[in-house]
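>>> Let me see the structure of the following:
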Amino acid sequence: MPTQDSPAGGFPSGVSEPEYRLWGEVDTDPAGVFRDVPEADRAYWDRARRFCLEEVRPVIDAHWDAATYPLDLARRLGELDLLRDGLEVEGYARMSTLAAGLVNMELSRGDGSVATVAAVQAGLVLRSIATCGSPEQVAQWVPRLAAAEVLGAFALTEPTHGSDSVSLETRAVRVRGGYRISGEKKWIGNGSLGAGGIPALTVVWARDDGGAVRGFLVPQDSPGYVGTTIGGKLSLRAVWQAHIRMEDVFVPDAMALPGAHGFRDAAKILVTTRLGVAWSAVGHATACYETAVQYAAQRMQFGRPLAASQIIQERLARMRSELATMQLMAAQMTRLETAGDLAPVQASLAKYTCTRAARRIASNARDLLGGNGILLENRVARHLADIEAIHTYEGTETVQALIIGRDITGISAFAG
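Numbering: from 1, shown residues only. Now for the predicted structure:
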C-alpha cells in the first residue's frame, strides 16, 4: 500500500531520475569567433551538424560500446560531401580551409570515431594522393575517396617507431615492374577494412633500396597484406585501428607516388592534419561544455539546480574561457593556412594548446556530472576517452612541445 510519503505508484519520491536532455543548443561561441562565417562555409558546417544530430546521435553509443565500425556513417560522409578537408576535387563545389575546420569540429562534437574516419580518409589519404600523386593516380583514386566508394588508410607509424616515425624500417625492394614491400605498421586507422571485404586502399610509407622514404598505394586485398584490428581500446572504439603485416607485397610502378621522395613529404601531410586535430579538439570540448551547461541546469541537488551553486558557475566560467581560447587559436591558424603562411611550429602550437585545453574541459565536465558523468548516454565519458587519442596521434604532446621549444631556443632537444 502507498504510504502518505509515497506517490500513487508505491515508490518513495525521488527514486525516478529525470531524463537529461544534453544535446540541445547553448551558446558555444562566447567570443563571437564564428559570428561572420561566410554563407558557403556555414552550409558545410550546418550539413555536418544535421548529420551528427539526425544520424550519428541515435546509433553512436551502441557502436562505441561494442567497438563496431560505423560503415553506413562512413558512406554517408561521402554522400554529404564531408570528406575533402578543403581539397579541390573535380566535380565538387569549393570547400575552404575554414569550412574543412568547421566540419572537423562538428563531426568531433558528434563523435570522435566518426571524425577520425573523416580525418584519415580526407586529411591523410586523399591529401597524400592529391599532393604526391600522378595525374593518373589523382583521377583514379581521389573522386572515389571523396565519395567514400573506397575507404583509405595512412600507414606511417610502426610497432617500434611512433614518435620517431622518421626511423621507419618497412622496406620497398625494387623488382621488375615495381616493388616488394615488407614490414609492419601499427595504429593505422581504417587499415583492416579490407579483411571484411570492404574496398580499401592504404598509403604505405617505406624505405626504398637507397634508404629514401617513399609512398605507395596498396589495395588492402593485395596478397601478403594482413591488417588485424587492434582490440581492447578505451578510446575511439568505433573506428578500427590496425596492426598491419606485409610480406613481399607487390606494388606496381603505377602505384608508387611520384611526388613522395622523402620523409619530408610525409611530414608535410602531418603538418596540415595537426591543424585539423586542433579543430577536432575544439569539437570535443564543445560537446563537453554544452553537456555540462545543460546538466547543471537540469540536475537538482539540495533542493536547487546545480547551476545555482557558486562552485558550479566558476567551473562553467573556466570551461567557457578555455573553449573561447581554443576557438580563437584554431580560427587564427586557419586564417594563416588559407593565406599560405602557416608555419609547422604554428600547427604544432595549435594542436598542443587545443588538445591540452580539451582534456581539462572534459575532465571538469566529467567531474561536474558526478556518477552520471561515466555513462555513455550522457556524452562526456565518450569524449573524455576519445580526447586521449587525439592528444597523442599526429604527434604526441611531447613531440609538439619539442618542436615549439626548438623554435623558442634555437636548440633541438630531439634525441639522436
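
>>> now the helices: where do they sit in the stretch 1-150 of the chain?
Secondary structure of the stretch 1-150 of the chain, counting by DSSP state H, counting those that start in this stretch: helices at 39-51, 60-66, 71-79, 97-110, 112-118, 127-132, 135-146.

>>> can I get those in CSV with mean neighbour count?
Heads up, the C-betas are built off the backbone N, CA and C, glycines and all. Supplementary listing: the helices of the stretch 1-150 of the chain in CSV, determined by neighbours: other C-beta atoms under 10 Å:
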stretch, mean neighbour count
helix 39-51, 17
helix 60-66, 17
helix 71-79, 17
helix 97-110, 27
helix 112-118, 28
helix 127-132, 23
helix 135-146, 18
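
>>> Tabulate these (TSV), appending distance to Val218 and mean pLDDT.
Formatted as TSV, the entries for those read as follows, by distance: least, C-beta to C-beta, whole Å; pLDDT from 0 to 100:
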stretch	distance to Val218	mean pLDDT
helix 39-51	30	97
helix 60-66	27	95
helix 71-79	20	96
helix 97-110	26	97
helix 112-118	19	96
helix 127-132	12	95
helix 135-146	12	96
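
>>> Please name whichever of these is nearest to Ala308.
When the helices of the stretch 1-150 of the chain are compared by C-beta to C-beta, helix 97-110 sits nearest Ala308, at 27.1 Å.

>>> OK, contacts around the residue nearest the centre of the chain?
Within the chain, the residue whose C-alpha comes closest to the C-alpha centroid is Thr116; the distance, by C-alpha atoms, centre = their mean, is 3.5 Å. Contacts for Thr116 (C-beta atoms under 8 Å, 6 or more residues apart in numbering) come out as 189, 236, 239, 389.

>>> again, 7 Å this time
When the contact criterion is C-beta atoms under 7 Å, 6 or more residues apart in numbering, the partners of Thr116 are 189, 236, 239.

>>> separation between it and Gly405?
Between Thr116 and Gly405 the distance, using C-beta to C-beta, to the nearest Å, works out to 28 Å.

>>> So which residues make contact with the strand or helix carrying Ala381?
Counting by DSSP states H and E, the element that carries Ala381 is helix 380-392. The contact list for helix 380-392 (C-beta under 7 Å, 6+ apart) reads 64, 112, 234-236, 277, 280-281, 284, 287-288, 291, 355, 358-359, 362-363, 365-366, 369, 373-376, 397.

>>> Narrow these to those in helices?
When helices are assigned by DSSP state H, the members of those inside them are 64, 112, 277, 280-281, 284, 287-288, 291, 355, 358-359, 362-363, 365-366, 397.

>>> picking up where we left off before, and which of the contacts of Thr116 is nearest to Ser163?
Nearest to Ser163 among the contacts of Thr116 is Gly189, at 17.4 Å by C-beta to C-beta.
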